[in-house]
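A.B. asks: with the sequence up front, the predicted model follows.
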Amino acid sequence: MARIGDSELIINSDGTIFHLHLRPEDLADNVILVGDPGRVDLVKSFFTSIENESSSREFRSATGIYNGTRFTVLSTGIGCDNLDIVMTELDALANIDFQTREVKSEHRRLTILRIGSSGAIQPDIPLGGYLFSEISVGFDGLINWYAGRENIALEDFEESFLKQVTWNKYLPIPYFVKASERLTELFRGSTIPGMTIAAGGFYGPQCRVVRLPLVNPDLMEELEKFEFQGRKITNFEMEGSALAAMAAHLGHDGATICLIIAHRYAKQANPDYKPLMKDLVKLALDKLSGKC
């Protein structure tokens with residue numbers, strides 16, 4: 001096997017990986033991702049014991065036990081660019097020998113679930129609902145940088161999208177990718193199934209207008225109307241496509257589940273969502289640990 005160069009995968013002098021500051025032994029097979037570093041405290045409050053904690057920039061982590069199952073919770077910050085870092089380094093911790101810098105002969109498959117907040121697009125999705133992104137729609141363009149795009153993308157969805165929606169030629173080519181089938185089945189019945197846009201920003205890329213006009217002022221209406229194979233676009237968030245795509249590329253189970261805290265169609269929002277988020281975290285931990 002080829003040795004991975006020092007500049008391609010940076011390992012810190014203390015044996016931790018460059019951005020996440022974790023050692024291979026610090027990582028559990030079950031990983032909860034949250035955007036907000038402050039939400040790490042919420043997730044780890046459910047742990048009955050904590051092995052280790054780390055903090056570097058927006059990347060905070062803790063590894064501990066819940067219901068007899070080992071979990072790592074990790075904050076990612078905002079955006080698909082950060083998920084590119086997080087997913088690459090999580091996979092490296094699991095599947096690269098830090099001593100030889102070679103890929104291990106036996107693949108370690110991680111379960112990586114992102115828990116976030118989101119804004120609904122369709123009128124029948126309630127505030128406070130739990131939405132599982134069975135399909136993620138990447139407006140970020142990340143997977144176009146990696147070989148093998150055709151192996152994970154839903155090209156029929158992409159073709160239909162570009163026929164139905166006005167898409168400016170200067171924007172990244174959108175991609176559609178499925179979440180882990182195992183996680184999709186695990187959360188079916190307890191969540192709303194969704195097809196979720198991961199936008200490259202909070203304002204313009206999610207069709208918000210403050211002072212700058214949009215290149216396509218009708219995009220929001222077109223997104224609401226888009227439908228293919230009985231599926232409609234359900235909500236906006238900012239990381240799920242990178243998670244689903246990188247997990248599929250790297251051979252991990254990856255998915256996103258979001259609490260709906262805003263409704264773009266009805267122009268409503270719920271700023272007091274923290275109790276509902278706590279319930280969602282418990283649901284996720286219970287599902288992944290086999291408690292329910």
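C.D. replies: In hand now; what should we look at?

A.B. asks: can you list contacts of stretch 147-161?
C.D. replies: The contact list for stretch 147-161, computed with C-beta atoms under 8 Å, 6 or more residues apart in numbering, reads 135, 137, 143, 167, 173-178, 226, 228-229, 245, 248-249. The way it works is simple: take the backbone N, C-alpha and C, and place the C-beta from them, glycine included.

A.B. asks: just the buried subset of those residues, please.
C.D. replies: Neighbour counting with 16 or more other C-beta atoms under 10 Å marks 135, 137, 143, 167, 174-178, 226, 228, 245, 248-249 as buried within the contacts of stretch 147-161.

A.B. asks: which ones among those lie within strands?
C.D. replies: Residues of the buried ones among the contacts of stretch 147-161 located in strands (DSSP state E): 135, 137, 175-178, 228.

A.B. asks: buried stuff in stretch 206-213?
C.D. replies: 206-208.

A.B. asks: what does stretch 154-169 give?
C.D. replies: Judged by neighbour count using 16+ other C-beta under 10 Å, the buried positions of stretch 154-169 are 154, 157-158, 160-161, 165, 167.

A.B. asks: just the pLDDT for the closest residue to residue 207 other than its chain neighbours.
C.D. replies: Nearest residue to residue 207 in three dimensions, chain neighbours excluded: residue 220, at 4.0 Å (C-beta to C-beta, 6 or more residues apart in numbering). pLDDT, residue 220: 92.

A.B. asks: same check, this time on residue 272
C.D. replies: pLDDT, read off for residue 272, is 76.

A.B. asks: quick one: it is in a strand?
C.D. replies: No: counting by DSSP: H, G, I helix; E, B strand; the rest coil, residue 272 falls outside a strand, being coil.

A.B. asks: and it, how close does it get to residue 33?
C.D. replies: 24 Å (C-beta to C-beta, to the nearest Å).

A.B. asks: between those two, who's got more neighbours?
C.D. replies: Taking other C-beta atoms under 10 Å, residue 272 and residue 33 do not tie; residue 33 has more neighbours (27 against 8).

A.B. asks: how about the more buried one, what does it touch?
C.D. replies: Listed by C-beta under 8 Å, 6+ apart, the contact partners of residue 33 are 73-76, 86, 112-115, 239, 243.

A.B. asks: what pLDDT does the model give it?
C.D. replies: Reported pLDDT at residue 33 in the predicted model: 98.

A.B. asks: quick one: contacts of stretch 279-292?
C.D. replies: Contacts to stretch 279-292, defined as C-beta under 8 Å, 6+ apart, come from residues 30, 32, 42-43, 46, 66-69, 71, 111, 113, 115, 130, 186-187, 190, 257, 259.

A.B. asks: let me redo that: stretch 207-219
C.D. replies: Here stretch 207-219 makes contact (C-beta under 8 Å, 6+ apart) with 165-168, 170-171, 202-204, 220, 222-223, 264.

A.B. asks: using CSV, write out every CA atom in it.
C.D. replies: The C-alpha trace of stretch 207-219 is given here as CSV (Å, rounded to 0.1, in the frame of the first residue of the first chain):
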residue,chain,number,x,y,z
CYS,A,207,-33.2,32.4,-1.0
ARG,A,208,-33.2,35.0,1.8
VAL,A,209,-33.1,38.6,0.7
VAL,A,210,-31.7,41.3,3.0
ARG,A,211,-29.9,43.9,0.8
LEU,A,212,-28.5,41.9,-2.1
PRO,A,213,-30.9,40.8,-4.8
LEU,A,214,-30.9,37.1,-5.9
VAL,A,215,-29.7,35.9,-9.3
ASN,A,216,-32.9,33.9,-9.5
PRO,A,217,-35.7,35.7,-7.5
ASP,A,218,-38.1,32.9,-8.3
LEU,A,219,-35.9,30.0,-7.0
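
A.B. asks: strands along the stretch 151-292 of the chain, start to end?
C.D. replies: 175-178, 192-198, 227-228, 231-232, 235-237, 253-263, 268-269 (DSSP state E, counting those that start in this stretch).

A.B. asks: so which of those is nearest residue 15?
C.D. replies: When the strands of the stretch 151-292 of the chain are compared by C-beta to C-beta, strand 253-263 sits nearest residue 15, at 25.9 Å.

A.B. asks: packing partners for the closest one?
C.D. replies: Strand 253-263 sits against strand 111-120, strand 130-138, helix 181-187, strand 235-237, helix 240-250, strand 268-269, helix 274-289, with contacts defined as 3 or more C-beta pairs under 8 Å, 6 or more residues apart in numbering; DSSP states H and E.
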